[in-house]
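Trainee: Sequence and predicted model, in that order:
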Amino acid sequence: MDAGNTGISGGCQTAKLLMDEYVQLVRHVASIRAQIMTALQHEEPTDGLERLVHTAERTKQHAKDAFLTHVQKHGCLLTPLRSSLTD
């Protein structure tokens, strides 16, 4: 995703990069979950995918926390986007 499409205005490149990382991880988790659904439909084992999605979820949460921590300390984000990320 292009940093210009994250909803972040202003000039904080760090916030843009952190948001981009988070968005990529959200997509990664969704992709793994889709693979799990496909495996289930074909009655294939999902153990490896379940472990992978668990690890990806933790990584995604760390990325979200890093983004929110940066924004809170730096104050570089518009309020509407901040509210939607903390819900």
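Mentor: Nice, thanks for sending it over.

Trainee: From what I see, A39 and L49 are in contact.
Mentor: Yes - contact criterion CB atoms under 8 Å: A39 and L49 qualify, at 6.3 Å. Placement of C-beta: from N, CA and C, glycine included.

Trainee: The two: who's more crowded?
Mentor: Higher neighbour count among A39 and L49: L49, with 20 against 16, using other CB atoms under 10 Å.

Trainee: Nearest residue to the more buried one in space, please, no chain neighbours.
Mentor: Nearest residue to L49, sequence neighbours excluded (CB to CB, 6 or more residues apart in numbering): I36, at 4.8 Å.

Trainee: Please tell me how far the host helix or strand of the one you found is from the chain's geometric centre.
Mentor: Counting by DSSP states H and E, the element that carries I36 is helix 13-41. Here helix 13-41 shows a centroid-to-chain-centroid distance of 6 Å under the convention CA atoms, centre = their mean, to the nearest Å.

Trainee: Could you do stretch 38-54 as well?
Mentor: Averaged over its C-alpha atoms, stretch 38-54 has a centre that lies 21 Å from its chain's centre (CA atoms, centre = their mean).

Trainee: first vs last residue of that stretch, how far apart are they?
Mentor: Using CA to CA, to the nearest Å, one end of stretch 38-54 lies 17 Å from the other.

Trainee: Give me the distance between the residue of the chain most remote from its centre and K60.
Mentor: Most distant from the centre of the chain: E43, at 28.7 Å, with distances by CA atoms, centre = their mean. According to CB to CB, to the nearest Å, E43 and K60 sit 28 Å apart.
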